[in-house]
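Enquirer: Output the structure for:
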Amino acid sequence: MSIKKHFRLSRGFTLVELLVVIAIIGILATLLLLQLGVARSRARDAKRIADVNQIRTAAELYYDDNGMYPQFAIAGLEAVLKPRYLTQMPVDPLNVAPYVYGYAFNGNTKYQVFANLEQWAQALSSDADIDASVAPWSGGVDGALDDKAGCLIKTTVTCIYDQGQN
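Expert: Numbers count the residues shown, from 1 in each chain. A predicted model of the protein is given here:
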């Protein structure tokens, strides 16, 4: 007695199987691209923070040598600080808005350097929080703009990382 075995030969995938796999791959790719955007944003913010600190260090070195902070806007600051204090003036990663360097002429003892971050960063907890719009400058005023809730609003005055001497 011979037993005939019937095998179902599979010649490929069904249309439903292919659609399910394509949908899963699409969802995973979307999640991956979203996370890459967040990582790129954080990397740009890390560069902005490092650049502001670099300009601050150069301004402090200038002060040590000259007894006053540079009295120039950011465009003229490059000519003053290069090549002795900075080899190259830092540029914003997106080149959308330059870093802002503010100074006060009364006594030549105050300055502020700041950049707008794309999202909240831990460094905002330890920045200078100088309010240069108020004369005389005061500390801690713009700290409310640096909090996590303020950065989520995404206005032009949120997520300001600043350093300086007030």
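Enquirer: Just give me the neighbour total for residue 110.
Expert: Neighbour count for residue 110, taken as other C-beta atoms under 10 Å: 18. (Each C-beta comes from the backbone N, C-alpha and C, glycine too.)
Enquirer: Surely it and residue 69 touch.
Expert: Yes - applying C-beta atoms under 8 Å as the test, residue 110 and residue 69 come out as touching, 7.1 Å apart.
Enquirer: tell me the pLDDT at residue 74?
Expert: You'll see residue 74 listed with a pLDDT of 63.
Enquirer: list the buried ones in stretch 35-52?
Expert: 41, 44-45, 47-49, 51-52 (16 or more other C-beta atoms under 10 Å).
Enquirer: In this structure, what residue spans correspond to strands?
Expert: Using DSSP state E, the strands found in the chain span residues 100-104, 110-116, 130-131, 138-139, 160-165.
Enquirer: Return the member of those strands having the minimum mean pLDDT.
Expert: When I compare those, strand 138-139 is least confident, with a mean of 58.
Enquirer: Can you show me the helices along this protein?
Expert: All helices of the chain, identified by DSSP state H, fall at 15-66, 74-81, 148-153.
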